[in-house]
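Visitor: here are the coordinates; sequence isn't available:
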């Protein structure tokens, strides 16, 4: 449909929790999904990065995430369950603060329970990069930004300095929902 403006760090709407998508709304998500897709693809074109976008980043406070790695996935009303005790440290990036990287701790493994665009219940065991990514996106739905999860006061870097951090988003595997 359209490339939409991505809300940037400092916009108070990014800190508001999103509401569940009601069953009667599932058939009406098409325009939002199209906007999420177009916005993500434009961000990739401009920044060379971007794996997923949450509806609140476009100012739409519904629990919807659009993921595109190899193929598109619409994730509605996600819940994280079965989080591993094993944690990983990663340099997190975000379309809402594209110049900034933030070192955070995330669970190495989680299970994502959600509905697809047609309302079917899904369960997806995630590990590593995909686990980190979906924790980041669910945080957006809860009104939580990566900057609030920074490990400490030294856990920030500019993207232009990424070579000093070990940050690398290349060669990611495509998603494989179970």
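Guide: Right, received. Where do you want to start? Only a predicted model underlies this, so the values are computations on that prediction, with no experimental measurement involved.
Visitor: now residue 91: how far from residue 154?
Guide: Distance of residue 91 to residue 154, given as Cβ to Cβ, to the nearest Å: 12 Å. In short, each C-beta sits where N, CA and C put it, glycine included.
Visitor: which one of those two is surrounded by more residues?
Guide: In terms of neighbours (other Cβ atoms under 10 Å), residue 91 is the more surrounded of residue 91 and residue 154; the figures are 20 against 8.
Visitor: following the host helix or strand of the more buried one, which helix or strand comes up?
Guide: Using DSSP states H and E, residue 91 sits in strand 87-93. The helix or strand immediately downstream of strand 87-93 is strand 100-107, counting by DSSP H and E.
Visitor: only the buried residues of the helix or strand just after that following strand, if you could.
Guide: Next in sequence after strand 100-107, counting helices and strands by DSSP H and E, comes strand 109-115. For strand 109-115, the neighbour count (16 or more other Cβ atoms under 10 Å) marks 109, 110, 111, 112, 114, 115 as buried.
Visitor: mind listing the strands strand 109-115 pairs with, and their directions?
Guide: strand 71-81 (antiparallel), strand 121-127 (antiparallel) (DSSP bridges).
Visitor: residue 143: what's it in contact with?
Guide: 14, 15, 16, 17, 18, 56 (Cβ atoms under 8 Å, 6 or more residues apart in numbering).
Visitor: check what pLDDT the second one gets.
Guide: With respect to pLDDT, residue 15 has a value of 98.
Visitor: re the thing from before, need the contacts of residue 143 in TSV with secondary structure and distance to residue 124, can you?
Guide: TSV is the format used below for the contacts of residue 143 (DSSP: H, G, I helix; E, B strand; the rest coil; distance: Cβ to Cβ, whole Å):
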residue	secondary structure	distance to residue 124
14	helix	25
15	helix	27
16	coil	26
17	coil	22
18	coil	19
56	helix	21
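Visitor: of these, buried ones?
Guide: Here, 16+ other Cβ under 10 Å leaves 14, 18, 56 buried among the contacts of residue 143.
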